[in-house]
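Engineer: Coordinates for the following, if possible.
(one chain, ligands or ions: 2)
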Amino acid sequence: MISFRSMRILGIESSCDETALAVIEKQEDRLVIEKQALASQIAVHAQYGGVVPEVAAREHAQHIFPLLKQLSIETTGKGIDAIAVTSGPGLIPALRIGVELAKTLAWVWNKPLVAVNHLEGHVYSVWIHEPLPMFPALCLLVSGGHTELLLMRDHGRYELIGMTRDDAAGEAFDKVAKLLGLSYPGGPEISRLAIKGNASAINFPRPMLHTTDGDFSFSGLKTAVRKHVESCVFAGRSLPVADIAASFQQAIVDVLVEKTRRAVHQFQPRSVILSGGVSANRLLRNSLASELRYEFPSLTFHVPDVSLTGDNAIMIAIAGAFRFEKGETVDPLHHVADANMRLA
Ligand code: KG4
Ligand code: ZN
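Structural biologist: Ligands and ions are numbered 1, 2, ... in the order given. Predicted structure coming up:
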């Protein structure tokens, strides 16, 4: 364990469609977000209906140096104690841009390099404001690429309780949005439309709701939506788009909340963390919060500020700070991005 009174970390994120850099300062338990710069590629990928890895890499390469310049870090790296970079999981051409920048800076500035798992970054997106989570903490991580229930026993110590067997929750939102003719990314579009719809209009399936494991499966739900859309088209009826969005969203939220509730019963954590891009969803945030408050009043519930639910470099810098404190650095000369990097 390295002991620092205060440390300043540069975080770099390029695993998917956001190029992001940030500098945070960690003073024992206090965290200060000093600077951040982010370029979103959403508008570019929306033209293709989803993220195109090579296009993402080109966009990262184009934006990453101007973003670094925006942070106005001295060209010697003075004031930075370590560099934390998302090393996986993610799209390999995209990851490489951030990783190669991080390696180069670590080498030229002679600074330690910390490899951060993107999912761990999402977990640490709540490690900013008091009250902080207590261990053991149960994390429901819901993003475009992952849906996992993790038991976090301490900093950096995870046990996988369950995961999706097919589509991730965010992926299901994106695919259903596409079926409904909505633009990418689908999650925000569906949740906006759902406000105007009736969540009990269509009884979509709640896959794996009652299984005793912590696993999820959302591809059958997506197929049920597709069949409903096809039956409307076949019958010449206009699509009840808002009702479909609301009923689909309700089905997915019901499953996520129920599986988390069961895991809390089984593992008796002291805190629950909800994070990842899908944690921006109002219905999910509110339903999980009220369910936990009602059934487990002593448990603390943590969800990131909506501005930190999507991919960002602040969460990578925070996760990196905790790993750096434990002396977990990698060799900049030999480090490589890992598309399938695992957390547990
Ligand atoms: O964590 P994230 O930014 O990227 C990955 O690591 O995958 O998550 C992106 C996902 C997308 O699938 C997007 O549709 C979903 O998060 N998302 C939402 C909402 N906002 C973003 N899903 C449901 N409701 C939302 N409000
Ligand atoms: Zn993410």
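Engineer: Kindly list the main-chain dihedrals of residue 166?
Structural biologist: phi -140, psi -110 (degrees, to the nearest 10).
Engineer: What about the residue lying closest to it once chain neighbours are set aside, how many residues nearby?
Structural biologist: Excluding its sequence neighbours, the residue lying closest to residue 166 (Cβ to Cβ, 6 or more residues apart in numbering) is residue 219, at 3.9 Å. In this view, the C-beta of every residue, glycine as well, is placed from N, C-alpha and C. Residues lying near residue 219 (other Cβ atoms under 10 Å) number 15.
Engineer: ok, residue 219 - contacts?
Structural biologist: 166, 167, 172 (Cβ atoms under 8 Å, 6 or more residues apart in numbering).
Engineer: Look up how far residue 278 lies from the residue nearest to the last one when sequence neighbours are not counted.
Structural biologist: In this case it means residue 172. The shortest distance from residue 172 to any residue other than its chain neighbours is 4.0 Å, reached at residue 218 (Cβ to Cβ, 6+ apart). According to Cβ to Cβ, to the nearest Å, residue 218 stands 11 Å off from residue 278.
Engineer: which neighbours do the two share?
Structural biologist: Joint contacts of residue 218 and residue 278 (Cβ under 8 Å, 6+ apart) are residue 169.
Engineer: Compare these two (neighbour count), which wins?
Structural biologist: Taking other Cβ under 10 Å, residue 218 and residue 278 do not tie; residue 278 has more neighbours (29 against 26).
Engineer: Wait, residue 21 touches residue 34, no?
Structural biologist: No. Assessed by Cβ atoms under 8 Å, residue 21 is found out of contact with residue 34, at 11.4 Å.
Engineer: So for these two, which residue has more residues nearby?
Structural biologist: residue 21 (31 against 15).
Engineer: so who does that one touch?
Structural biologist: 10-13, 36-38, 64, 67-68, 70-71, 313 are the contacts of residue 21 under Cβ under 8 Å, 6+ apart.
Engineer: same thing with residue 284?
Structural biologist: Per Cβ under 8 Å, 6+ apart, neighbours of residue 284: 142, 253, 256, 257, 274, 278.
Engineer: is it true that residue 275 touches residue 138?
Structural biologist: No. Taking contacts as Cβ under 8 Å, residue 275 lies outside contact range of residue 138: 11.6 Å.
Engineer: Where does residue 206 sit: helix, strand or coil?
Structural biologist: Of the three states, residue 206 takes coil according to DSSP: H, G, I helix; E, B strand; the rest coil.
Engineer: Selection in PyMOL covering whichever of the contacts of residue 21 are buried, please.
Structural biologist: Applying 16 or more other Cβ atoms under 10 Å to the contacts of residue 21 leaves a buried subset, and the PyMOL line that selects it is:
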select buried, resi 10+11+12+13+36+37+38+64+67+68+71+313
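Engineer: Among the contacts of residue 21, which ones are in helices?
Structural biologist: Under the assignment DSSP state H, those contribute 64, 67, 68, 70 to helices.
Engineer: Nice, that's everything, thank you.
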